[in-house]
Structures are given as C-alpha cells and as structure tokens.
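# fold the following, please.
(2 chains)
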Amino acid sequence: MIKYFNYIIFSLLLIIFFVLNINHKISTNIQSILPESQNKELLQEFLTFESNKKILVSIKGFDKKSLDELRDFENNILKIEGIKRDNKITTASYKNYQDKYYFYLNELNSEKINNFDVKEGLNNLYDSIINSFITVDINKNDPFELIKKENIDINIKNGKFVLKDYGYISLFTLDKSINSLHEYERIYDEIKKYETNNIDTFSSIYYFVENSRYIKNDVNKIVFIAFTLLIILYFVILRNISLLSNTLLSLGSSSIVATIFLTFLYSEVSLFVLVFGLSISTIAIDYMFHHYFHKNYETNRGFNREVFLGFFTTFSAFFILSFSDFLFIEQITRFAMVSLLCSYIIFAFVYPKISFKQKDFNLFAQNKISIKKFYFFTISILVLVFSLQNINLDFDIKSLDYNNKSLKEKEEFFKTKFNKNRQKTVLIKASNINELILFNEKIKELDPLSNSSLDKLLSKEIFEKTYKNLEKSSLKEIKNSLDKEIINTAFKKDSFINAYSYEVNKPSYSYDQLKEFGIAIKRYKNEYISYINVSEDKYKSFLEEDFIYSLSLKTLFEKNLQKELEKIIILGLSSLVFITLIIIFITKNKMIQALNFLIFPSALIFLYLSFIPVNILHIFMFFIILSIGIDYAIYSSKDNSKETNKAIIFSAISSFAGFGVLIFSDINSLFSIGSVATIGIFAILILIFFQKVANATKSL
Amino acid sequence: MFRFLIICVFFIFSDASSINFQEEKYIEVIDNTVFKKGILDFKENEITLKYKNSNRILIYKDDNLTIQNGEDIQIIDLNKQIALKMVFLLIESIHTNDLKTLEEYFDIYEKKKVITLEPKSSLKSYITYVEYKKDKKLDFLTIKMTNGNITTIRELND
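Residues are numbered from 1 along each chain as shown, chains lettered A, B, ... in the order given. You can find the predicted model right below:
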C-alpha cells in the first residue's frame, strides 16, 4: 500500500483542487502581484471606469470600399453579445442643468456685451432668421450670442468620425457586465475573427487577453523544457522510472498543498507566484537525492542530520523573507515554506518506507584542475566589492510584465491620431463632490487644455465668484432692455423670457444625479474619485499635488518598490547572517570551503547584475540561490564523498530544470529569475568540480 | 457622332443633377412661416444652394460651407456647426438614397412610403425628428428642430 502513497495523495489533492475550484483564483494579471496599497485599489477602481472598456476601430482611406468594409465589420461586431456603439447621449436632466447654469458654465464675450444695443440686436436677429438657410438655430438662453462659442472640433464624414490624413474611425463600448478575463477573451476572439488587413482595432482589454495568453504559452514552453531535462536526467542517467514518477508526484502534491494554502489566504494568486513557487519546490529534490545516494532508501540508516539541517536553514531563510510587505514575495515565500515542508516530510519519512534501489553508474572523474578554496574566497570578495559599486536599480514594476510591443504601438497610434495635444490621464480623489469639482477647476486653471467629464460642473466657490462677475456685467440691463424692446418687434413676446437670467440657486449635486448626467465618478470608501486628462508637459508637476494620483504603474509603485527593496535587502541580509552563523556553527574548520558556496555564486551573480538594470526579482532570486547554496555547503563540508557530490550535481541540474529554464522565458520577471538562477547554479557546479578540498574526489 | 456619344455617356454617368425646390420654414420665435424657392445642385461631394431673388450662393464641400455674396466670400468650417452640417448630410444622403449613412445618425422607420428618422445620440439635442417621402422625386422633407422650428422642402416640377 505504501508503494502507492504518492499516487493516492496526488490523486486526492487533485480532486480537492478541482472541487474547490482553485484554478479560478489564479490570475495572469500583473496587478495581482502588486503591493497591497491605496494606489493599487485606486488603480483597480480606475480600470472599472467605462473609458477603459472602449473599443477603437480604424480603417485606412476615405474611399467607398473602405467605408463599406468598415460598415460590414461594424455590423458583424455589433452582433457580438456585450458590444454596443459608443453613443454619447446627453440626458434631458443634464441638458436642463446645462441650460439652467448656462451663464456660469460658459464665458461671456465682454467686448460684445459692453457695446451692445438690444434694439439693433433684435433687428439683426430678425434678418438673420428670415435669411437663414433651411433651418434656424437660435439659442433661447442667448439669442444675441453674447457667450463665447465653445470650440467644438469634430470631424465627421459619411456618418463616421475621421482621423485626419488617415481614414475612418468608429467607437464601441463594452457592456458594464463584461468584467472577467473569460468574457474579454470571448469578445477578443470574435472581434479578431472579423478583422481584415485594412482594419485595426484596439482596446485596453486586449492587454489582459494577449498578455495572459502569452504568459500561459511561455509557461507551457518552460514546463516542457523543464520536463524534458528531468526526463533525460532520470531516464538516461539514473535509469530509475519509479523514482522519477514518485518524485514528480511528491513535488506535485507539495505544490498543490501550497497552492490550496495560498488560495485560502488570498482571494487571487498570480500565475507568476505559482510558476516561481513550483520552481522553488524543485529545491526539495536535493533532499531526495541526498537520501538516495547515501542509500537511505535501501537500508535503514536512520535520520539524515545533514538533510534536516539543509532543510531547516532554507526554510528559515524563506521564513525571514516572508516578512516582506511586497505581496508577490510574501506569497512566494509562503508557498515555498509549505511546499518545502511537505516535500521534506515525504522524502525523509515516506520514501525510506517505499524503498528505492540505486542503480550503479560511474560519473566521469576529474582531478586535473583543482583550485585552492582561498583563491575562490579572495577572488569572490574582490569581484563582489567591484560589482556592488556598479549596481543600478530599476523600480519600474511594468518592466516585470510581458512587454507587449505590438499592442503598445497600436495604442500609441490611436492616442496620437486622437489627441493633437499629448495628454496623460491622472486620477483625482476628494472627500466630497464639491471638493472633487474644485480640484478639477484648480487643474483647469493651471492647464486650460486639460479635459474631464467634470468640466461642466460648478463648485460652490466658482459659482459665487461667477455670480459676482455676472452682477458686475451689463447682462441684467440687456435682459431688461430685451423685455422692453421685444414688444415693438415681430417676435413673440415670450420668445426669450428666460434669456440672460442668471439668478439661480447654488448648484448642489448628488452622486446619483452625477451618474445620471454620465459623469465619470466613483465612490471610493467614503470619498469620491474621477479622472482628468492633463497636458503631458504639466503631468509631473501635477503629481506633486496630494489629491492627484498617477495611473502609471511605474510612478504608482516606484516608492513602494523602493521601500520594499530596502526591506528585502534588510530581510535578505538577516537571513544571510543567520545562514552564515549556522554554517560556521556546523562546518567549523571547513568554514571557508562551505562559505564559498555562498560567496562565489554571489560574486558571479553580482558581476552579471552590475551590467544590467537590477529589479526586485533579481535580488530575491539571489537570496534563494544562497538558500540552495547553504544545503550544498552543509552536505559537502560534512561528508565530501563521491555520493555527496553526486547528490549535489543532480540536485543542481534539477534546480536548473526548476529555475534555470526560466532563462528561456520572454517575460522579464521570469527571465530575471532564470538568469540569476543559471549563473548561481553554474557557480555551484564550478565549486563542486574545481574547488580543492580535503579527501575530495571531483566528479562529472 | 462619336463626340455626341461621349457627351451623352458623361451626363448619364456623372452624379451631377439639380432640383428646384420650395422651402417652407416655420419659425417658432416669430410664430410665422417663411416661404422661399431655390435650386439645389448636386455634384460629386458638392452641393450648391441658390435662393431665388438672392445673390447669395452656398457651396457645401469638404466639410466647409462657402457663402458667396457678390465679391464677398465667407468660409464656415461645418465641423464646428454640427446642426448645419447635419442638414447638408441629410439632403445629400436622401438625394443619393444613402440609407447606410442615415443609419449612422438615425433610427429609420417606414410607414406608407413616408420615412421617419429618429435621431440617435447627441443629435437628439438639435433634431426632434425628420420625415421624408421620395419616389422618383422628393415629395417632401420635414425637419423638426428641438427649438420648435420646422422646415419642409418640396421638390418642384421643372
């Protein structure tokens, strides 16, 4: 029965995994790894604004063929459930409101007002009406056009918006109910089905779909490479299929337990965490190899102290790092702790009962080159001193995500064609609606080219100021004169009864009323948020205001990341001190030989890092490599036998299959981990092969 | 003979055509109706409007309205005067039976050969509805504006 332990446990865990629907809690969105903060919450709130659910469609050319092609495409995509035309409708209540506050929302033409003759104005108005072309367009609030006309610039041709010197453009929007990745994927696939060579489409939701698919494909590619490597290792060299299947099942079971554990702690777990966590789980292979090569699974040799010490120090290093506030690292370390604990228990206590026989094989032995441990130590220290002075840190969290260049180019194309003035979007937050409007007015004053859905709202302060200005103007006299003069004209007496009336109540807006007006506003806790497009050249200075929030991942999390990196370095150094003390305590007179397993990989890693921008994952992976190195340091200093070296070499190759293969990823976060892991493992193998130690036999 | 044929073919296939029309305009603020007669000339991507007893000529082309009054020429960018642009778009689309363009702005209903256009989106702020009847010629085209004004254009026999 015990022989089937791994099969039974794995099957049971798999059932639990699917019954609990754990796979639905796995996310490919980079937000799921961002530090929990107000900035993250605000960003998530912003993403639910309707403006992020627009679909832009463009076609090159203004000829009939292009127009017909676009119309066919539109008809097709309108059949897709959840897509509708982006028709801006001014509701009756919003129009009434704008009519009521007409003189507060628009600028008076003071020059015209000061010299205005009402009698002459009425005569001219009559003439223009009689001589008008086809229709008459009179504003009853302002028949004499004493308000400066708004500069509307909409280019329409054949019922379509026009992108100057390019072609037609159409706008669509997604239904409010479309919020999940699954629905985004459905819509994306259906749109792409109808897209032709001449038609380009873009939507922010494309990032979710394309990045998610790219990440999944990339992860599949990596898992395939890792499996191929492991199969070669077990089938060709170890020739032990039973060991391979049991090890894979044990690692799989440990990872499932860790995944289930994480989904109990967090509502959403990033796929990045799982990939990284799975990679970390492969560290546990060295516990198995050490037991295996020392024949713990064949004869009853009792408790293996070295493996326990190796496990205990690695576990402790992760425990110390788990105090990081960076959600991604917190989740990975917790995943690693649970997974390593499960694996250790299985490899140390269950495998001896299953029993695996070792098939004899000889590794090629090399004794030609042997470098003194002091050389490794001294050179490593010198390289470390040089490299640490040339480290450049990169705090842009976006650089960890998949760099979707083609989609970014498409977004840039639409942005430049749409906006003559380069603009950036910022979020504003206020404790009440009036304050929110006031903040928008403040920005507008500094940047008249800025625009927002709040532009047609009035703060109480601006209302009062405008009222005073209206009182000073001759608007009241014009109104009185109009009421008097109209009697002697052909106009109906009550035609302009409401013209030039500005005696209205102070505006007071409720949240529901603004929603009805179509204003982009949201409740955030007990406050209110909205967004504004500001000129790019003023963007940076605006960010200094405490009510304005950037929506760029780089700016939003730069400070968080800086703080987190400092904390990780402190935690990492604490675990390093802890590891060093343990090594000194365990290895005693073989201390230098053991410490080289920490210092030499560190030297090579930092030499590489001194040439590239260093992100948080490089640093994190560096500490993981140290925690792997410590196992090898303990094993080799305690028992530098052929078996120990075999165990270390196979564990290192297995760790490469776990971490190192991430070097083949195109996603920067995974590549960062893979590159550091590969260099670290390479350094450990160099030590195994070339470090001159007492009673050692170098094997290959 | 050959030259004659070429000229005939040119006239048959060119879009050029013109209609005489009568404009009946109810203006709400004076509670009165104004009648005018004129000619609408249609060329490819161009409409020319001339009223009888007036020197003014209006040319709608490339989103611009050029008003010629003797030697005076005024050019208006119709992208900044949406209501006026819509009127020209309506006339052009109805003249060429371009229902697809009309569908961009209106919901279209037909009852007893009278077609009713109900504006979509922001156009609702300017136009209440449009009605027209057209067989071989335009029986009538009525535009009711939200400000109460109603304009009806009827094609006259030559």
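# find the closest residue to chain B in the stretch 151-300 of chain A.
residue A:159 (2.6 Å; C-beta to the nearest C-beta). C-beta: built from backbone N, CA, C; applies to glycine.
# so which residues on chain A come close to chain B?
Residues of chain A lying near chain B by C-beta under 8 Å from any C-beta of the partner chain: A:71, A:87-90, A:95, A:126, A:129-138, A:140, A:143, A:149, A:151-160, A:490-492, A:495-496.
# excluding chain neighbours, give the residue nearest to the residue of the stretch 151-300 of chain A closest to chain B in space.
With sequence-adjacent residues excluded and distances taken as C-beta to C-beta, 6 or more residues apart in numbering or on different chains, residue A:159 is closest to residue B:104, at 2.6 Å.
# list the contacts for the residue lying closest to residue A:672 once chain neighbours are set aside?
Spatial nearest neighbour of residue A:672, excluding adjacent residues (C-beta to C-beta, 6+ apart): residue A:617 at 4.4 Å. Contact partners of residue A:617, counting by C-beta atoms under 8 Å, 6 or more residues apart in numbering or on different chains, are A:400, A:669, A:672, A:673.
# so where's the chain shaky on pLDDT?
Going with chain A. For chain A, the stretches flagged by pLDDT under 70 are A:28-36, A:88-89, A:150-154, A:360-367, A:397-399, A:419-421, A:556, A:559, A:693-700.
# correction: the question concerned chain B.
Ranges of chain B meeting pLDDT under 70: B:1-16, B:158.
# which residues of the stretch 201-350 of chain A fall in strands?
Secondary structure of the stretch 201-350 of chain A (DSSP state E, counting those that start in this stretch): strands at A:269-270.
# where do the helices of it begin and end?
With DSSP state H, counting those that start in this stretch as the criterion, the stretch 201-350 of chain A has helices at A:205-231, A:241-265, A:271-281, A:285-293, A:305-321, A:327-345.
# and the shortest one with helix A:305-321, angle?
What it means is helix A:285-293. Angle between the axes of helix A:285-293 and helix A:305-321 is 180 degrees (criterion: axes from the mean of the first three to the mean of the last three C-alpha atoms, to 10 degrees).
# closest point of chain B to chain A, which residue?
residue B:104 (2.6 Å).
# residue A:569 and chain B, how far apart?
56 Å (C-beta to the nearest C-beta, to the nearest Å).
# any idea where the helices of the stretch 501-650 of chain A begin and end?
A:511-517, A:536-542, A:553-587, A:591-609, A:616-638, A:642-658.
# ranking the ones you listed by mean neighbour count, which comes first?
helix A:616-638 (a mean of 25; mean count of other C-beta atoms under 10 Å in any protein chain shown).
# neighbours of the closest residue to residue A:522 other than its chain neighbours, how many?
Leaving out its chain neighbours, the residue that sits closest to residue A:522 by C-beta to C-beta, 6+ apart is residue A:529, at 5.2 Å. The number of residues packed near residue A:529 is 21, by other C-beta atoms under 10 Å in any protein chain shown.
# double-check residue A:529 against residue A:45; I have them as touching.
Yes: with contact defined as C-beta atoms under 8 Å, residue A:529 reaches residue A:45; the gap is 6.1 Å.
# common neighbours of the two, please.
With C-beta under 8 Å, 6+ apart as the test, residue A:529 and residue A:45 both reach residue A:522.
# coming back round to it: now for the residue of chain B closest to chain A, how many residues are close by?
Residues within reach of residue B:104, counting by other C-beta under 10 Å, total 20.
# tell me which element it falls in.
Counting by DSSP states H and E, the element that carries residue B:104 is helix B:99-105.
# report the central residue of chain B.
residue B:91 (2.8 Å; C-alpha atoms, centre = their mean).
# isn't it up against residue B:141?
Yes: in this structure, residue B:91 is within contact of residue B:141 by C-beta under 8 Å, at 7.4 Å.
# touching both of those two, which residues are there?
Residues touching both residue B:91 and residue B:141 (C-beta under 8 Å, 6+ apart) are residue B:153.
# picking up where we left off before, now render the helices of the stretch 201-350 of chain A as CSV, adding distance to residue B:136.
What follows is the helices of the stretch 201-350 of chain A, written out as CSV (distance: least, C-beta to C-beta, whole Å):
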stretch, distance to residue B:136
helix A:205-231, 49
helix A:241-265, 72
helix A:271-281, 66
helix A:285-293, 87
helix A:305-321, 84
helix A:327-345, 72
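# closest to residue A:690 out of these?
Closest approach to residue A:690 among the helices of the stretch 201-350 of chain A is made by helix A:285-293 (20.2 Å; C-beta to C-beta).
# quick one: list the elements packing against that closest one.
helix A:241-265, helix A:305-321, helix A:327-345, helix A:351-354, helix A:616-638, helix A:642-658 (3 or more C-beta pairs under 8 Å, 6 or more residues apart in numbering or on different chains; DSSP states H and E).
# let's go with 6 Å and repeat that
Packing partners of helix A:285-293 (3 or more C-beta pairs under 6 Å, 6 or more residues apart in numbering or on different chains; DSSP states H and E): helix A:642-658.
# with just CA atoms, put the helix it packs on into CSV.
Output of helix A:642-658 as CSV, limited to C-alpha atoms (Å, rounded to 0.1, in the frame of the first residue of the first chain):
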residue,chain,number,x,y,z
LYS,A,642,31.5,10.7,-4.1
GLU,A,643,27.9,10.2,-3.1
THR,A,644,27.5,13.7,-1.7
ASN,A,645,29.0,15.2,-4.9
LYS,A,646,26.6,13.0,-7.0
ALA,A,647,23.7,14.3,-4.9
ILE,A,648,24.8,17.9,-5.3
ILE,A,649,25.3,17.6,-9.1
PHE,A,650,22.0,16.0,-9.6
SER,A,651,20.2,18.5,-7.3
ALA,A,652,21.9,21.4,-9.1
ILE,A,653,20.8,20.0,-12.5
SER,A,654,17.3,19.5,-11.1
SER,A,655,17.3,23.1,-9.7
PHE,A,656,18.3,24.3,-13.2
ALA,A,657,15.4,22.3,-14.6
GLY,A,658,13.3,24.2,-12.0
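# got the angle between it and helix A:285-293?
150 degrees.
# so how far is helix A:642-658 off the chain centroid?
How far helix A:642-658 lies from its chain's middle: 35 Å, per C-alpha atoms, centre = their mean, to the nearest Å.
# quick one, it and helix A:241-265 angle?
Going by the same axes, to 10 degrees, helix A:642-658 makes 50 degrees with helix A:241-265.
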